[in-house]
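Undergrad: Below is the structure, and that's it, no one-letter string:
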């Protein structure tokens, strides 16, 4: 048992830190740390910086232009970038579609799409959920009917994160109604500027429109945009979800959130003393920190197993549940910490360069928004209820 | 032992519930939220005409209620409908203080309030957090009357108030209970308002005061307003807790409907035992919240220690139950529960914000311990 990094891993961590010190623009760091609104250009700028260094394809093998890092290196990179307040890597092309194309895509698809993802030529979004297919994803109803060299696609996708920025969408579509619902699903790549594609924003309770509905009406999609085989899409979809679940614990996010919480609790005064010294509040902060310390080790145990070549299993469900609960608790405490100033909703103050001043401390509105927004953590990527089901079936065999 | 409402209160509850059910829709609330007024002028007029504001005042002050259970009946309905009218600000806080401290000289003003005049309550300050006695704003006597200078924070519905009940220090140090006085200050020159929307609906303002008012603007004893302010805050907290209860009831209804109607894996999700148990837990907590509101409503006119112990007990429980109801209702809805468009969104935001007014669950837990030891 050795809880420390090897010398090589420490050297790698120092290399990542030096890179972040040197290359992460202060402007971006301040925006992320301050909970300001990030634009499409912000994400693209950060992607380009990483790509120049060859560090954008974090999870990709070297043969496809990726880093070729092992699980521990990926973890170190994720932890350091989050703690440095770098923008997150937009996962749809890089962590979701990329791995699917590498495993199941044709050579032509790999050669065409993978470099475009790294170069930022295509912004992908995810067309999985539908109004009637949430936790029960296999019940997707969007249809793709073959007509000559094309599929004609009809249906509606929803919760499409950052779909408003996307050029392309990868979709689960129904190509057959035979057999079990899982058996008639195909995995299709669709151009967002095709006639019949319409994107409508969904405003969430934090007041932001980061998710969308995507309506597909008689959209013509060339058959070469099918990934793998027709009606085998469920296999690819599940493979993608296992990739979505890497870093599902969000340890770096939790650590950054806890740091922010402590800073705020040090600045806020309750009864004339810093909130951080209030025994009631300090006890709750300590408890969530204790949980996080243990969870970080659970996460490392999983990573070590993966680095040793074991396939990830239901452990990711465990990490998803505990990781999201911890992050949500940190968000709740941060909202609590800002006191009455959780109430004002001066949204314009979050825009870069806005001359609208926040009401109360500048950290108050981001704290409230993060609380509301991160209710999604226990819902998306397979709700925590679905994860519990997976644990009880596959680990407990109940 | 009798937990039935009196016939009058039952009638008030029925007619108010019917009126709000007929008048309020998610679209109407969304419009009121984004309007410059920050509330619905039509609804406000309707509430005044129905006598709802009068129900908050005792008979000897021109009203026809004013007891704890009048407050809880009215505000549970307010919560059920998710509306954000200046009822507590003007009817309980500013109006209550004018009625209690202002005597005959303010009787006309109280009558105007019962008829729908809006008076803001400019008390809390930027550094006060939840400490009611934290007043830095100063009032100095001069030849013209009183010169009031200072900053007030989160003054709800300030933009539509024709005047403010302003608290200011005429003596003592920032956090002392002695030395706080109340003044009636008209909106306008010397009362600078920075107005903004709130999470969960309605508007508030940061108010900067640099104003001179005549000598008779002093309401009640010089330096001796705190006891009345604390009583008014207790009544407003009772109202807020009842409002939270109403919000919880509507949220419960929406969530149960959703569990019955939403199908996944070939059946309504309400058939899954995991969700049934969680919904049952939510119900148990809401019934606890109802009892806590009854406890407080039954003791708002009791002696100070009894009353304030109940204030803190109820506000603590409402804070805890509120968070559970918010988080569980969103979770059981899934993504749809996070959208602004669906009715739940507004209600959960409003319920969340309850814990940020008049002290959060921790503030009142600590205070309950202190009051119990005394």
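TA: Here it is on my side, so go on. Fair warning: this is a prediction, and the values are worked out from it, not measured in the lab. Numbering: from 1, shown residues only, chains lettered A, B, ... in the order given.

Undergrad: going forward, measure contacts and count neighbours with C-alpha atoms only.
TA: OK.

Undergrad: Now residue 198. Nearest residue, chain neighbours left out?
TA: Answering for chain A, as no chain was given. In this structure, residue A:198 finds its nearest non-sequential neighbour in residue A:215, 5.0 Å apart by CA to CA, 6 or more residues apart in numbering or on different chains.

Undergrad: You answered for a different chain; I wanted chain B.
TA: Spatial nearest neighbour of residue B:198, chain neighbours left out: residue A:344 (4.5 Å); criterion: CA to CA, 6+ apart.

Undergrad: Also residue A:258?
TA: If the residues on either side of it in the chain are set aside, residue A:258 comes closest to residue A:330, at 6.3 Å by CA to CA, 6+ apart.

Undergrad: wait, isn't that neighbour in contact with residue A:256?
TA: No. The pair residue A:330 / residue A:256 is not scored as a contact, 10.0 Å apart, by CA atoms under 8 Å.

Undergrad: tell me, what's touching the two both at once?
TA: Jointly contacting residue A:330 and residue A:256 under the rule CA atoms under 8 Å, 6 or more residues apart in numbering or on different chains is no residue at all.

Undergrad: So for those two, which sits in the more crowded spot?
TA: Taking other CA atoms under 10 Å in any protein chain shown, residue A:330 and residue A:256 do not tie; residue A:330 has more neighbours (26 against 17).

Undergrad: Tell me how far the residue nearest to residue B:198 lies from residue A:398.
TA: 48 Å (CA to CA, to the nearest Å).

Undergrad: out of the two, which sits in the busier spot?
TA: With neighbours defined as other CA under 10 Å, residue A:344 and residue A:398 compare such that residue A:344 has more, 25 against 8.

Undergrad: Would you list the phi and psi of the more buried one?
TA: When read as degrees, to the nearest 10, the backbone of residue A:344 gives phi -60, psi 140.

Undergrad: Show the contacting residues for the nearest residue to residue B:95 once chain neighbours are set aside.
TA: Leaving aside its sequence neighbours, residue B:95 sits nearest to residue B:110 (CA to CA, 6+ apart; 6.2 Å). If you count contacts by CA under 8 Å, 6+ apart, residue B:110 has them with B:61, B:62, B:95, B:98, B:99.

Undergrad: wait, which of the residues you listed is closest to chain A?
TA: residue B:95 (22.7 Å; CA to the nearest CA).

Undergrad: what's the neighbour count on the closest one?
TA: By the criterion of other CA under 10 Å, residue B:95 has 33 neighbours.

Undergrad: Also the one 5 residues further on?
TA: Using other CA under 10 Å, the number of residues around residue B:100 comes to 17.

Undergrad: State the distance from the closest residue to chain B within the stretch 251-398 of chain A to residue B:202.
TA: Closest approach between the stretch 251-398 of chain A and chain B, counting by CA to the nearest CA: residue A:344, at 4.5 Å. Computed as CA to CA, the residue A:344 to residue B:202 distance reads 10 Å.

Undergrad: Next, format the contacts of residue B:110 as a markdown table and append pLDDT and secondary structure.
TA: Output for the contacts of residue B:110, formatted as a markdown table (pLDDT from 0 to 100; DSSP: H, G, I helix; E, B strand; the rest coil):
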| residue | pLDDT | secondary structure |
| --- | --- | --- |
| B:61 | 95 | helix |
| B:62 | 94 | coil |
| B:95 | 98 | helix |
| B:98 | 98 | helix |
| B:99 | 97 | helix |
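
Undergrad: May I ask which of the residues you listed has the most neighbours?
TA: residue B:95 (33 neighbours).

Undergrad: Let me know how buried the nearest residue in space to residue B:20 that is not next to it in sequence is, in neighbour terms.
TA: Of all residues not flanking residue B:20 in the chain, residue B:81 sits nearest, at 6.3 Å (CA to CA, 6+ apart). Neighbourhood size, residue B:81 [other CA under 10 Å]: 22.

Undergrad: mind listing what residue B:81 touches?
TA: Taking CA under 8 Å, 6+ apart, we find residue B:81 in contact with B:20, B:21, B:24, B:246, B:247, B:250.

Undergrad: Please, which helix or strand holds residue 155?
TA: I went with chain A, as the question did not name one. Secondary structure assignment for residue A:155, by DSSP states H and E: strand A:150-157.

Undergrad: try again with chain B
TA: Element membership for residue B:155 (DSSP H and E) is strand B:145-156.

Undergrad: Which strands or helices does that strand pack on?
TA: Under the contact criterion of 3 or more CA pairs under 8 Å, 6 or more residues apart in numbering or on different chains; DSSP states H and E, strand B:145-156 touches strand B:119-122, strand B:138-142, strand B:203-213.

Undergrad: quick one: that strand to strand B:138-142, angle?
TA: Here strand B:145-156 runs at an angle of 160 degrees relative to strand B:138-142 (axes from the mean of the first three to the mean of the last three CA atoms, to 10 degrees).

Undergrad: Quick one: neighbours of the residue in the stretch 1-150 of chain A positioned nearest to chain B, just the number.
TA: Residue nearest to chain B within the stretch 1-150 of chain A (CA to the nearest CA): residue A:136, separated by 5.5 Å. The burial count assigned to residue A:136 is 16, neighbours taken as other CA under 10 Å.

Undergrad: what does residue A:42 give?
TA: Close neighbours of residue A:42, defined as other CA under 10 Å, add up to 15.

Undergrad: In contact with it, which residues are there?
TA: A:28, A:87.

Undergrad: and with 6 Å instead?
TA: Residue A:42 makes contact with no residue, according to CA atoms under 6 Å, 6 or more residues apart in numbering or on different chains.

Undergrad: Point out the residues in the stretch 1-150 of chain A that sit beside chain B.
TA: Within the stretch 1-150 of chain A, the positions adjacent to chain B are residue A:136 by CA under 6 Å from any CA of the partner chain.

Undergrad: what domains does the record give for the chain?
TA: With no chain named, the answer covers chain A. Domain segmentation of chain A under automatic domain parsing yields A:7-89, A:124-230, A:245-395.

Undergrad: was after chain B, sorry
TA: What automatic domain parsing lists as the domains of chain B is B:7-114, B:119-222, B:227-373.

Undergrad: Could you check the pLDDT of the closest residue to chain A within the stretch 1-150 of chain B?
TA: Per CA to the nearest CA, residue B:129 is where the stretch 1-150 of chain B lies closest to chain A, at 6.2 Å. At residue B:129, the pLDDT value in this model is 97.

Undergrad: for the one 3 residues further on, same thing?
TA: At residue B:132 the predicted local confidence, pLDDT, stands at 97.

Undergrad: SS state for it?
TA: Three-state assignment for residue B:132 (DSSP: H, G, I helix; E, B strand; the rest coil): coil.

Undergrad: again with residue A:220
TA: Under three-state DSSP, residue A:220 comes out as strand.
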